[in-house]
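>>> sequence first, predicted model second:
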Amino acid sequence: MLRSVASPSARWLVTFIALTLALSTATFTDTATASDPQQRRAGLPGEAVFGARVEPTSGMSPRQSVEALEAKLGTPLPLVSEYLDWDDSFPSSYQQWLINSGHRLVLLVKLKRNDGSRPLWSSLANAQPGDRLYRELLGWAESIRDVGEPVYFVFHKEPNESPNRANGSASAYKDAWHRVAEVFDAEGATNAQLVFALAGSIYARPLSVETWYPGDDVVDVIAASGVNGDCSATQCNWRSQEQIMSKMVAWSASHTEQSIAVIEGATVEDPNKPLRKRNWIDDAHAYLGGDFVDRVAFYSYWSSSGGNDFRLTTSPKAVAAGARWAKDPVWAADPN
């Protein structure tokens, strides 16, 4: 029927429609085949979710510990971090509860087994279908996919640290990273954001970072860790969250498709300045909510008493600062 239309205006209309459809098809094809990680996986740039690693309280289950902290904050935690070994089962009933109750999850998983053994990164990179390591990697991809909610997957944080030398070289670490991304993509785990994490101080040495960085094609989020913990009864070597992570922010500026995050941030109290912890948390909140908030994926506070007392509950003022951050609508997880 279109070919029987004789008027010039009708022919122009047909040509215009055909060109539009062709361009639309070409655009769709280019987008669908792009290698950019934010297009390959379900990107959440600028999600800016606040949460914590919640240390289990004595006599309480992990769930009860989260609920107790939320009761003190007067609001749910938008995000909770979980530290898991390579052969852990996921999701546990507790983790399923976190997911069902609307908590965004950060999974920090090292290539380390429950018995303390450490497979080589090269073994994971070269694992074939049927191999134990491959089955375990497949299990992570499938279980995260089946969760159906966005999950941040931190593969072997701080690989440069001494205990991780047992896993192998930096080049093997990169190869293992690529294998993780390959299997996650192949299994349709598009709800996973893959997170690369080093201590904040390492980003001051770009060559060291490049030694370990797997590449923009497989990394979705660039993250830093680091706490303000050097404080005694007589003096404090005080570091703000900005000082701890500023080098990561600067290094990541050229990686424009990646979000940024803090996987472990926290502070102790200053025994000589009762309001200093409250101010530290408020300042971190303001700093991360500033000029680059659109790049921030998440902030996870290390609410733990391990080594030093970093818990959010060390004083009413600290609790109030944590509550302000958790209640900030900018930092709430998008339910969709």
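All right, it came through fine.
>>> contacting residues for V195?
Residues in contact with V195, defined by C-beta atoms under 8 Å, 6 or more residues apart in numbering, are 106, 152-155, 219-223, 261, 263, 297. From N, CA and C alone the C-beta is placed, and that goes for glycine too.
>>> next one: F184
Listed by C-beta under 8 Å, 6+ apart, the contact set of F184 reads R41, W140, A141, I144, F153, A192, L194.
>>> now render the contacts of V195 as TSV, adding secondary structure, distance to Q235 and neighbour count.
Output for those, formatted as TSV (DSSP: H, G, I helix; E, B strand; the rest coil; distance: C-beta to C-beta, whole Å; neighbours: other C-beta atoms under 10 Å):
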residue	secondary structure	distance to Q235	neighbour count
V106	strand	33	27
Y152	strand	36	27
F153	strand	40	23
V154	strand	34	26
F155	strand	38	26
V219	coil	39	23
D220	coil	40	26
V221	strand	36	28
I222	strand	33	24
A223	strand	30	29
A261	strand	31	32
I263	strand	28	24
A297	strand	35	27
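>>> quick check, nearest of these to R132?
Nearest to R132 among the contacts of V195: F155, at 17.8 Å, using C-beta to C-beta.
>>> all strands for this protein, in order.
Using DSSP state E, the strands of the chain run over 49-54, 79-84, 104-109, 151-155, 192-199, 221-228, 259-267, 296-303.
>>> out of these, flag the one nearest G116.
Smallest distance to G116 across the strands of the chain (C-beta to C-beta): 14.3 Å, for strand 79-84.
>>> who does the closest one pair up with?
strand 49-54 (parallel), strand 104-109 (parallel) (DSSP bridges).
>>> helices of the stretch 1-150 of the chain, residue ranges please.
Secondary structure of the stretch 1-150 of the chain (DSSP state H, counting those that start in this stretch): helices at 8-32, 37-40, 62-73, 93-100, 121-125, 132-147.
>>> where among these is average confidence lowest?
Among the helices of the stretch 1-150 of the chain, helix 8-32 has the lowest mean pLDDT, at a mean of 35.
>>> where in this structure is pLDDT low?
Within the chain, the segments meeting pLDDT under 70 span 1-46, 233, 334-336.
>>> pick out the residue nearest the middle of it.
The centroid of the chain falls nearest to Y152 when counting by C-alpha atoms, centre = their mean (4.3 Å).
>>> excluding residues flanking it in the chain, which one is nearest that one?
With C-beta to C-beta, 6 or more residues apart in numbering as the criterion, Y152 has its nearest non-adjacent residue at 4.4 Å, and that residue is V106.
>>> on that earlier part again, between the strands paired with strand 79-84, which gets nearest to P271?
That would be strand 49-54 among these, by C-beta to C-beta, at 23.0 Å.
>>> export the closest one as CSV, just CAs?
Provided in CSV are the C-alpha atoms of strand 49-54 (Å, rounded to 0.1, in the frame of the first residue of the first chain):
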residue,chain,number,x,y,z
VAL,A,49,22.8,4.6,49.8
PHE,A,50,23.9,4.8,53.4
GLY,A,51,24.3,1.7,55.6
ALA,A,52,26.6,-0.2,57.9
ARG,A,53,28.4,-3.4,58.7
VAL,A,54,26.5,-4.3,61.9
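>>> and the contacts of that strand?
In contact with strand 49-54 (C-beta under 8 Å, 6+ apart) are residues 62, 65-66, 69, 77-83, 103-104, 106, 264, 297-304, 312, 322, 325-326, 328, 331-333.
>>> list buried residues within those.
Buried by 16 or more other C-beta atoms under 10 Å: 62, 65-66, 69, 77-82, 103-104, 106, 264, 297-304, 312, 322, 325-326, 331-333, out of those.
>>> end to end on stretch 51-62, go ahead and measure it.
End-to-end distance of stretch 51-62 (C-alpha to C-alpha, to the nearest Å): 15 Å.
>>> give the buried residues for that stretch.
Under the neighbour-count criterion of 16+ other C-beta under 10 Å, stretch 51-62 has G51, A52, R53, V54, E55, T57, P62 buried.
>>> turn those residues into a markdown table, including distance to N167.
Shown next, in a markdown table, are those (distance: C-beta to C-beta, whole Å):
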| residue | distance to N167 |
| --- | --- |
| G51 | 27 |
| A52 | 27 |
| R53 | 22 |
| V54 | 27 |
| E55 | 26 |
| T57 | 32 |
| P62 | 27 |
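>>> which two in those residues are spaced the farthest apart?
G51 and T57 (17.1 Å).
>>> give me the neighbour count for the residue lying closest to Y83 once chain neighbours are set aside.
Nearest residue to Y83 in three dimensions, chain neighbours excluded: L108, at 4.9 Å (C-beta to C-beta, 6+ apart). If you count neighbours by other C-beta atoms under 10 Å, L108 ends up with 23.
>>> wait, doesn't L108 sit right on E82?
Yes: counting by C-beta atoms under 8 Å, L108 touches E82, with 7.0 Å between them.
>>> quick one: contacts for the residue nearest to Y83?
S81, E82, Y83, L84, V154, K157, A197, I263.
>>> any idea how far L198 lies from G51?
20 Å (C-beta to C-beta, to the nearest Å).
>>> ok, back up a step: and the contacts of V195 as TSV, adding distance to P129?
Listed next are the contacts of V195 as TSV, based on distance: C-beta to C-beta, whole Å:
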residue	distance to P129
V106	29
Y152	27
F153	21
V154	25
F155	20
V219	25
D220	25
V221	28
I222	31
A223	31
A261	32
I263	31
A297	32
